[in-house]
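Colleague: Below are the sequence and a predicted model; questions follow.
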Amino acid sequence: MNKVFLIGNLTRDPELTETASGVSICRFAIAVNRNYSGSDGERKTDFFNVTAWRGLGETVSRYAKKGNKVAVSGSIELRNYEDSQGVKRTAVDIIAQDVEFLSPRGGDGSEQDAPATSSGNRGARKPALQSFDDDGDIPF
C-alpha cells in the first residue's frame with residue numbers, strides 16, 4: 001500500500017497549469033517539520049513537492065497561498081530523470097488525493113476566502129436565537 005499523510009505549510013503559491021489535453025494540474029510544495037530536534041537543538045524540516053490533478057488542483061490553486069497550513073493525503077511517486085550533465089537522478093513527488101485547508105480564514109472575515117465543505121453549508125449563516133420568558137423554575 002502506498003499512502004502518505006503530511007501536514008505542513010506551503011513554501012510558495014500553487015501553480016495551476018493544464019496538460020496538452022486540457023486537464024488541470026496544480027503543483028505546490030510544503031515544508032513539514034520533523035518531530036524531533038537535531039544535535040544542534042534545531043528542528044529539521046523536510047520539503048515535499050505535491051501535485052494535485054483536476055478539480056482538486058483547481059481548488060488548491062484558488063484557496064491556498066504561500067504560508068498556509070494544509071493536510072495532504074495521497075501517494076508517493078518516484079521519478080527517474082537525467083540532469084543537464086547526464087547524471088541519473090531520482091525525484092520524490094506526492095500525488096495528492098485529498099487536501100484539507102488548516103489555516104484560518106483571512107483576517108478580513110470575507111466568506112469567499114475559504115471553500116465550502118462537502119455539505120455546502122460552510123458559508124451559511126447560523127439562525128438567530130430567539131429569547132424566551134424564563135420564570136426561574138427548573139423544569140425537572
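Modeller: Good, I have the coordinates.
Colleague: now the strands for this protein?
Modeller: For the chain, applying DSSP state E gives strands covering 4-10, 15-18, 24-37, 43-53, 69-82, 88-101.
Colleague: how about these, which one is nearest R62?
Modeller: Each of those was scored for nearness to R62 using C-beta to C-beta, and the closest is strand 15-18 (8.4 Å). All C-beta spots, glycine's among them, are computed from the backbone N, C-alpha and C.
Colleague: just to revisit the earlier point, what about the strands of the chain, which gets the closest to Y63?
Modeller: Y63 lies closest to strand 88-101 among the strands of the chain, at 6.2 Å (C-beta to C-beta).
Colleague: what distance separates the closest one from the middle of the whole chain?
Modeller: Computed by C-alpha atoms, centre = their mean, to the nearest Å, the chain-centroid distance of strand 88-101 equals 12 Å.
Colleague: just stretch 77-94 next, same as before
Modeller: Distance of stretch 77-94 from the chain centroid (C-alpha atoms, centre = their mean) equals 25 Å.
Colleague: So which residues make contact with that stretch?
Modeller: For stretch 77-94, contacts defined as C-beta atoms under 8 Å, 6 or more residues apart in numbering pick out V4, L6, F48, N49, V50, T51, V72, G74, S75, I76, I95.
Colleague: swap in stretch 5-12?
Modeller: By C-beta under 8 Å, 6+ apart, stretch 5-12 touches 28-33, 47-48, 64-73, 94, 102.
Colleague: Give me the buried positions along that stretch.
Modeller: By 16 or more other C-beta atoms under 10 Å, the buried positions in stretch 5-12 come out as L6, G8, N9, L10.
Colleague: can you tell me the average pLDDT over it?
Modeller: Taken as a whole, stretch 5-12 has a mean pLDDT of 97.
Colleague: Repeat that for stretch 84-91.
Modeller: For stretch 84-91, mean pLDDT is 94.
Colleague: Between the two ends of it, how far is it?
Modeller: Stretch 84-91 has an end-to-end distance of 15 Å (criterion: C-alpha to C-alpha, to the nearest Å).
Colleague: One more: stretch 53-73?
Modeller: For stretch 53-73, the first and last residues are 13 Å from each other (C-alpha to C-alpha).
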